[in-house]
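# When you get a sec, could you give me coordinates for this:
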Amino acid sequence: MVSIPVPGRAVKPLSQVELDKCAQMARRVQQVLLDLFKALPEHARSATGMSRHLEIVRNTCQRIVTGLSDDTPSAATLVKLPGIEGLRHFIRAVESRGADRTDVATADATIELLHGLFRELGGSQLRLVDRLKATALDPGAGESRLEADERARQAHFNASSMLANSYCDAVVDVSLYHAFVDGNNVHRERISATGYVNRVARPGAAPLAIYTAVRRTDTGMPQGEARLLDQSVPGGIMPAALLPQFSTSPMPMATTRAGTGELRTVIDSKAANSGRPMTVVGSSRLISEVPLSEKKPTPPKDNWVEISTPARRLVMDIYMHRDIAAMCVPSMEVLLTYPPTILRDRWCATLSNPPRLELLGLGLERSGSTAFAQHAALTAHLFEQSGWNPHDFVGYRCDTTFPIWLAHYNFNTHFNEPRPAAEPEPHG
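The predicted model follows:
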């Protein structure tokens, strides 16, 4: 049944709550469809190949490929995808080709939730299209979404600073990543530094813990033993855990604790919570090797920065060897908690509107930052310690104001997950 608009009836723009609800639903729908997509053979991962393999119309397949290609799912993703009947038809076709029963049941349940959201927002996918257009053209919005987001984050910073009894001018993070074949093994190394610039904390504030190594086995990087930058094994009170040339003098006492793929440095509360500004920068290196028969040199799947102190700014840089950078498409995401063990469930902890990535390019020409006067020097120091040529590395930067307290900002590379193949529309 075709929906006929009533003459003279104004289309109501989507509210912020409705936009956020659509974004969450888009992430959920995209994930369940991606689970089904991954079960398809390689030749069926383009619109034409999918249509032939599943024996369904190409337009439905093209819309699925388009919707799955969105790096930042939103309300717009929901209107790119096929309608409810088209999605059901796709699920039944994949099921008939032997897809996992649990994935099929999850997809069925999710599409029913999507159907309910369409009814809630106006009755149909077409109605959502109208409301989305009205939202984009709404002259009464007053301020852009980016401005509204920043204003909300600033209010969050003000409140969280009071609750945490602490704040800092900036969190800075620089990571270098290289992977290469070394004899019969794949050698992988990550060198990183994380700093809190002009942190002010009053008595009673929680201790400052700096995490400078990955902490999960599902990050796409084999777990190795975390070391300090000078190659020493962390454990107990270790001044070398902090970089003196980039930290406040005299440096506070730092206690380290390490595990497989993990390094945590806790700053002495007595020195840190004096109410005076203090800058501390911790660093680490993580080295691992796996047999060449098991792995290939690949990009790091996840690179996390946890905002453990309310901050006015986050500047997060990652440099990958250009051979590795050419193999992936990077993006940012923000999660309210640690990533779930099952990565497919990230949608339930992911915030909408993540900050954008900036390409710094090869070398260190653009490595400076107004957030930290020694940012360029810190990056150069890490390269000196690594022995790598910075002109062989591609830099990316996330620079955002008022990052969300206790959230995890993740530099993610779309590499290991199979994705729909890009395919031009036929002519004629």
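
# can I assume S369 is in contact with H375?
Yes. Counting by C-beta atoms under 8 Å, S369 does reach H375; the two are 4.0 Å apart. No exception for glycine: its C-beta is placed from N, CA and C like everyone else's.

# Common neighbours of these two, please.
Common neighbours of S369 and H375, counting by C-beta atoms under 8 Å, 6 or more residues apart in numbering, are 172, 315.

# Show me where the stretch 251-400 of the chain has its strands.
Taking DSSP state E, counting those that start in this stretch as the criterion, the stretch 251-400 of the chain contains strands spanning 254-259, 262-267, 278-291, 302-306, 313-321, 329-335, 357-362, 393-401.

# Just give me how far the fifth one sits from the chain centre.
Yep, that's strand 313-321 we're talking about. Strand 313-321 sits 12 Å away from the centroid of its parent chain (C-alpha atoms, centre = their mean, to the nearest Å).

# ok, that strand: who's next to it in the sheet?
strand 170-182 (parallel), strand 393-401 (antiparallel) (DSSP bridges).

# Out of those, flag the one nearest S74.
Nearest to S74 among the strands paired with strand 313-321 is strand 393-401; the distance by C-beta to C-beta comes to 18.2 Å.

# Now do the buried residues in the closest one.
Across strand 393-401, burial judged by 16 or more other C-beta atoms under 10 Å covers 393-401.

# Any chance of the strands of the stretch 251-400 of the chain in TSV with distance to A155 as columns?
Converted to TSV, these look like this (distance: least, C-beta to C-beta, whole Å):
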stretch	distance to A155
strand 254-259	33
strand 262-267	28
strand 278-291	26
strand 302-306	21
strand 313-321	16
strand 329-335	17
strand 357-362	25
strand 393-401	12
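
# Can you name the element that comes right after the longest strand along the chain?
Across the chain, the strand with the greatest residue count (assigned by DSSP state E) is strand 185-201. Remark: after strand 185-201, the chain's next helix or strand is strand 209-211, criterion DSSP states H and E.

# Quick check: what element follows that next one along the chain?
strand 225-227.

# From the contact counts, what lies against that following strand?
Packing partners of strand 225-227 (3 or more C-beta pairs under 8 Å, 6 or more residues apart in numbering; DSSP states H and E): strand 254-259, strand 262-267, strand 278-291.

# how about 6 Å then?
strand 278-291 (3 or more C-beta pairs under 6 Å, 6 or more residues apart in numbering; DSSP states H and E).

# Return the angle between stretch directions for the strand it packs on and strand 170-182.
Strand 278-291 runs at 20 degrees relative to strand 170-182, counting by axes from the mean of the first three to the mean of the last three C-alpha atoms, to 10 degrees.

# got the angle between strand 278-291 and strand 254-259?
20 degrees.

# Can you tell me what sits against strand 278-291?
Strand 278-291 has contacts (C-beta atoms under 6 Å, 6 or more residues apart in numbering) with 185-191, 193-199, 210, 212-213, 222, 224, 226-227, 229, 241-243, 246-248, 263, 265, 267.

# Now the buried members of those.
Here, 16+ other C-beta under 10 Å leaves 185-186, 188-191, 193-199, 210, 212-213, 224, 226-227, 229, 241-243, 246-248, 263, 265, 267 buried among the contacts of strand 278-291.

# so T194 makes contact with A209?
No. Applying C-beta atoms under 6 Å, one finds T194 not in contact with A209, separated by 10.4 Å.

# Kindly tell me how buried E147 is, as a neighbour count.
Burial of E147 is recorded as 11 neighbouring residues (other C-beta atoms under 10 Å).

# where's the residue nearest to R397 when sequence neighbours are not counted relative to P82, distance?
Closest residue in space to R397, ignoring its immediate chain neighbours: E358 at 4.5 Å, by C-beta to C-beta, 6 or more residues apart in numbering. E358 sits 34 Å away from P82 when distances are taken as C-beta to C-beta, to the nearest Å.

# Compare those two (neighbour count), which wins?
Higher neighbour count among E358 and P82: P82, with 22 against 13, using other C-beta under 10 Å.

# Let's verify that one: helix, strand, or coil?
coil (DSSP: H, G, I helix; E, B strand; the rest coil).

# Torsion angles phi and psi at it?
Note on P82: its backbone torsions stand at phi -60, psi 160 [degrees, to the nearest 10].

# Contacts only, for it.
By C-beta under 6 Å, 6+ apart, the neighbours of P82 are 60, 63.

# Now do it, the pLDDT please.
Confidence at P82, expressed as pLDDT, is 92.

# Check G220 too.
44.

# same thing with the one 10 residues further on?
pLDDT recorded at D230 is 77.

# Please name the nearest non-neighbouring residue to it.
A240 (5.5 Å).

# Show the contacting residues for that neighbour.
A240 sits next to 228, 230, 232 when contact means C-beta under 6 Å, 6+ apart.

# hang on, it is in a helix, isn't it?
Yes. Checked against three-state DSSP, A240 lies within a helix.

# any idea how far it is from Q374?
A240 sits 18 Å away from Q374 when distances are taken as C-beta to C-beta.

# same question, T60
For T60, the distance to Q374 - C-beta to C-beta - is 54 Å.

# What of L359?
Separation of L359 from Q374 (C-beta to C-beta): 23 Å.

# How many residues are close by the residue lying closest to Q125 once chain neighbours are set aside?
Closest residue to Q125 apart from its sequence neighbours, by C-beta to C-beta, 6+ apart: G83 at 5.1 Å. If you count neighbours by other C-beta under 10 Å, G83 ends up with 17.

# pretty sure A152 is in a strand, no?
No. With three-state DSSP as the criterion, A152 is assigned helix and is not in a strand.

# Find me the pLDDT at it, would you?
In this model, A152 carries a pLDDT of 87.

# Next, name the residue at the spatial heart of this protein.
For the chain, E333 is the residue whose C-alpha lies nearest the centre (C-alpha atoms, centre = their mean; 2.6 Å).

# so where is the stretch 201-350 of the chain shaky, pLDDT-wise?
Applying pLDDT under 70 to the stretch 201-350 of the chain flags the ranges 213-224, 234, 259-262, 271-273, 290-301, 337-345.

# rerun at 80
Along the stretch 201-350 of the chain, the parts satisfying pLDDT under 80 run over 211-240, 251, 256-264, 268-275, 287-302, 327-329, 337-349.

# related to what we said a few turns ago, and the longest strand of the chain, what other elements does it pack with?
Packed next to strand 185-201, using 3+ C-beta pairs under 6 Å, 6+ apart, are strand 170-182, strand 278-291, helix 375-386.

# could you redo the last one with a cut-off of 8 Å?
Short answer (3+ C-beta pairs under 8 Å, 6+ apart): strand 185-201 packs on strand 166-167, strand 170-182, strand 209-211, strand 278-291, helix 375-386.
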